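**Q** One predicted model, sequence on top.
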Amino acid sequence: MLIRSAAAALAIAIAAPAAMAQDAAPAAQAEALPDIALGADDAPLTIVEYASFTCGHCANFHEENWPRLKAEYVDTGKVKFIQRDVYFDQPGLWAGVLARCGGDDKYYAVSDMLFDEQEQWLAGGTGEEIAANLRKIGLKAGMTEEQMTACWEDTAKAEQLIATFQQNASADGIEATPTFIIGGEKVMNQPWDDMKQVIEGKLAEAAQ
């Protein structure tokens, strides 16, 4: 999925399902949030994935290749993995807010649920239906209705999420999702065997 321009990203209305305030400051003025990493801090290789919760190709990656990447490299201490959210639209932003609503410890678990059930929660014909579907995911993740409402009403956090996306995507020259930064090199989405070759090559370089 191709990324919209920064101007279009700024035009995303910060209007979550619980009706966020409309007088928010521009996202560019907000402070960027730190990455949420998965895996060993001292892993020899870092992989960053730029992904959108409304991107079908991203959902496919998380269904087919993410389990392999996690089992073979993240869980074994070879790779530190970082997912950076990209926002194309309001539902994607709402999902991003939900992913962080339970705290950093739950981010990847909720992210997995959002990708696994992407077709179902995006099937709502209106914003209200999509919001209701997202609430179901949040409840399954152990969040309360009040907790989710508070997160969606937090305009400052939404501004930070958009600013974080804009700053990171601009710095890394991201034009589509999913895109990966593997050992500092930008790598487009590709079959697992090809990506594995890139990972192994970077690990070999790190070992020298």
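**A** Nice, thanks for sending it over.
**Q** so the residue sitting nearest the centre point of the chain bridges to which residues?
**A** Closest residue to the average C-alpha location of the chain: D85 at 2.9 Å, with Cα atoms, centre = their mean. For D85, the beta-bridge partners are A51 (DSSP bridges).
**Q** That one contacts T54, doesn't it?
**A** No - the criterion here is Cβ atoms under 8 Å, and D85 misses it with T54 at 10.5 Å. All C-beta atoms are positioned from the backbone trio N, CA, C, and that covers glycine.
**Q** for the residue nearest to the centre of the chain, what are its contacts?
**A** Residues near D85 by Cβ atoms under 8 Å, 6 or more residues apart in numbering: A51, S52, F53, G92, G96, A99, L161, T164, F165.
**Q** again with I47
**A** Applying Cβ under 8 Å, 6+ apart, the residues near I47 are L69, Y73, V79, K80, F81, I82, F180, I181, I182, G183, I199.
**Q** Next one: the residue nearest to the centre of the chain from Q208, what distance?
**A** 33 Å (Cβ to Cβ, to the nearest Å).
**Q** rewinding a little: of the contacts of I47, closest to K157?
**A** I82 (19.0 Å; Cβ to Cβ).
**Q** what number of residues lie near that closest one?
**A** Using other Cβ atoms under 10 Å, I82 has 18 other residues around it.
**Q** Okay, and it sits in which element?
**A** For I82, the host element (DSSP states H and E) is strand 79-85.
**Q** For the helix or strand just after that strand, report the contacting residues that lie outside it.
**A** Toward the C-terminus, strand 79-85 is succeeded by helix 90-101 as the next helix or strand (DSSP H and E). Here helix 90-101 makes contact (Cβ under 8 Å, 6+ apart) with 12-17, 36, 52-54, 85-87, 107, 110-111, 114, 121-122, 127, 130-131, 134, 137-138, 143, 147-148, 151-152, 154, 157-158, 161-162.
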